[in-house]
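Engineer: build me a model:
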Amino acid sequence: MAQPVAADTTTVTLTTTDTADQTTAGNVPDDPPGVQIPGSSLLPAAGPAKTKSSAKKSGTVSKAARQRSKAQVAVAAAKKQLGDPYQWGATGPGSFDCSGLAVFAWRKAGVKLPRTTYSQLSAVKKKISWKNLEPGDLIFTSGGGHVGIYVGDGKMIHSPHAGANVRIDKLNDYRKQTFVGAVRPGL
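Structural biologist: Numbering: from 1, shown residues only. Here you go, the predicted structure:
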């Protein structure tokens, strides 16, 4: 085993503030890769040490990544309901109204939504414009009385009305003209 060599060191303190991430705090020597730390069988990782600001930025990215992951779960859950009949007041499984489908899908992703379209639109804080829709966003049309889940590619999944089944439709001119807002659950 090679003898430890004295080297200039820089000490940084790394603290992540996101509770979902593991919190790490302490002094970390900035040794060149491949140099063994005295008293340890571990080698330091290659690359620059993170500062407090870069740790917070990665926490922000992680929050957005977690939301996208939840949105994927919600969209997949809604797609599994394709063909189920519309039934006013139903939240599944087996039948849904429009807001019931949103509640069901987002519950599968671990997000609790209010029951009605109007409550969903007002309760979810992250408002989204038509131009910035992402899969999983809830799209409100028809004066706020109808909601669908954006699935990407200019389409939404929804339970449209009595006599119809859960389906995916293009966001046509009617939907754009009656659009009252969109929200991004899970943030």
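
Engineer: need the strands for this protein, in chain order.
Structural biologist: 11-13, 27-29, 127-128, 138-141, 146-152, 155-158, 167-170, 181-183 (DSSP state E).

Engineer: among those, which comes closest to D84?
Structural biologist: strand 167-170 (9.7 Å; C-beta to C-beta). All C-beta atoms are positioned from the backbone trio N, CA, C, and that covers glycine.

Engineer: what pLDDT, on average, does the closest one get?
Structural biologist: Throughout strand 167-170, pLDDT has a mean value of 98.

Engineer: change the start of the numbering to 47 and stick with it
Structural biologist: Got it, the first residue is 47 from now on, which makes the last one we talked about strand 213-216.

Engineer: show me what that strand packs onto, helices and strands only.
Structural biologist: Contacts defined by 3 or more C-beta pairs under 8 Å, 6 or more residues apart in numbering; DSSP states H and E place strand 213-216 against strand 201-204.

Engineer: buried stuff in the strand it packs on?
Structural biologist: M202, I203, H204 (16 or more other C-beta atoms under 10 Å).

Engineer: which single one of these is nearest to Y164?
Structural biologist: H204 (16.1 Å).

Engineer: in this structure that closest one contacts C144, no?
Structural biologist: Yes - assessed by C-beta atoms under 8 Å, H204 is found in contact with C144 at 5.4 Å.

Engineer: pull up the overlap in contacts between those two.
Structural biologist: H192, V193, G194 (C-beta atoms under 8 Å, 6 or more residues apart in numbering).

Engineer: out of these, which is most surrounded?
Structural biologist: Of the shared contacts of H204 and C144, V193 is surrounded by the most neighbours, 28 neighbours in total, counting by other C-beta atoms under 10 Å.
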